[in-house]
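Engineer: after the sequence you'll find the predicted model.
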Amino acid sequence: MNYNYYWNDIPGEGKCRNNLIYTSLMSGDTQTFCQWFYNDKKYHGGQNQVVDPKLMQEKFDREVSYSLLMEKHYPQYVPVIKDINVELRKLYLEVDGIDFWNRANCSVENYDNVLPDWREQMLEILQAYRDLGIYKYSLHPSSYFIVDGKLKSFNHFFCYHESEGPIKISDHASHIYSTRQDIMRTQIETMGISWDEPESLNTLQHLCFESFRKNYTDDFIDAAKQIYNKGTNNC
C-alpha cells in the first residue's frame, strides 16, 4: 500500500505538517493513517522540534501504551489499530477519510456542519480518559477522525497517568508549538502557576484546556474542565 505525507490544509496558509512530533502518513485510499515516530526533515520543513531519539522513543511508547489501554476499555472511542511496527516506530490506524479538523476546513465555525453532536461525543471521550486516570494534553481537533459518524481519538503521545507527575512545563516545551506556548505563558500568570517548577497533572490539564479555547467553543471548554473538576487529586 502506498502512503503519502498527510497535511493540515489551512485556508490562507496552505499545507502544513499535521503533527510536530511524528511524521503523518495517509494511505492512498485514505483508509489508513500512519503515525511514524521518525524525525523526517522534509516533512517538518526545518521546524523539527523533537530531535532527541530517546524522547521520540518515549513518545512512541506512550502512543502505543495509551492507545492499547483505550482500545481495551473503551474501543468505541479510538480508531482500530491495524498494525504496530515496533522496529520502525509506526502505528497504523483504521480511519475513513481526513481528520475532523480538516473536514471542518480548519475552522470551529464549521464543526456543527461536519458533526452536529461533536460536543457530546468529545465530552464522552474525555470522561473515558478521566475514568481511566488519564490526562491528555494533545487536544487539537486534528486529534480526531470520524468513522461511521463517531469521533475516534488518537495522539496519545502526550498522555500521563494519574500515578505519574507532577511534571514541569519546561521539560515538555519541545513538543508544544511556539504559538501555543505563548498562549500558555499568558494563562500561567492568570492561574498563578510556574513554567519551570513541577505542577500537578490536573492543574496542567486545566491549563491545556484554556490554551485550546480558540480551537473550540467556550461552552465545550467549560464543560470539559468540569469533567476534570470531579474527583480531582493532587497528581
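Structural biologist: Noted; the coordinates are in hand. What you see is a predicted model, and the numbers here were worked out from it, not measured in a lab.

Engineer: now Glu120: which helix or strand?
Structural biologist: helix 118-131 (DSSP states H and E).

Engineer: buried ones in that helix?
Structural biologist: By 16 or more other C-beta atoms under 10 Å, the buried positions in helix 118-131 come out as 118-119, 121-122, 124-130. C-beta here means a position set from N, CA and C on the backbone, and glycine is covered the same way.

Engineer: pLDDT score for Gly231?
Structural biologist: According to the prediction, Gly231 has pLDDT 48.

Engineer: got any ranges where the chain has weak pLDDT?
Structural biologist: Residues of the chain that meet the criterion pLDDT under 70 lie in 49, 230-235.

Engineer: now the strands for it?
Structural biologist: 3-5, 7-10, 14-17, 23-27, 32-36, 81-85, 90-94, 134-136, 144-147, 150-153, 159-161 (DSSP state E).

Engineer: can you put these in TSV and add distance to Pro53 and mean neighbour count?
Structural biologist: Shown next, in TSV, are these (distance: least, C-beta to C-beta, whole Å; neighbours: other C-beta atoms under 10 Å):
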stretch	distance to Pro53	mean neighbour count
strand 3-5	21	14
strand 7-10	25	16
strand 14-17	19	13
strand 23-27	14	21
strand 32-36	14	23
strand 81-85	17	14
strand 90-94	15	20
strand 134-136	24	21
strand 144-147	28	20
strand 150-153	27	22
strand 159-161	20	19
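
Engineer: quick one: closest of those strands to Glu58.
Structural biologist: For the strands of the chain, proximity to Glu58 was assessed by C-beta to C-beta; strand 159-161 is nearest, at 11.5 Å.

Engineer: residue closest to the middle of this protein?
Structural biologist: The centre of the chain sits closest to Ser138, judged by C-alpha atoms, centre = their mean, with a distance of 3.0 Å.

Engineer: these two touch, right, that residue and His156?
Structural biologist: Yes - look at Ser138 against His156 with C-beta atoms under 8 Å: they come within range, at 7.5 Å.

Engineer: chain neighbours aside, what residue packs nearest to Ile188?
Structural biologist: Nearest non-adjacent residue to Ile188, counting by C-beta to C-beta, 6 or more residues apart in numbering: Trp195, 6.0 Å away.

Engineer: again, but for Ile169
Structural biologist: That would be Trp195: by C-beta to C-beta, 6+ apart, it lies 5.0 Å from Ile169.

Engineer: for that neighbour, the count of nearby residues, please.
Structural biologist: Using other C-beta atoms under 10 Å, Trp195 has 14 other residues around it.

Engineer: contacting residues around it?
Structural biologist: 168-170, 185, 188 (C-beta atoms under 8 Å, 6 or more residues apart in numbering).
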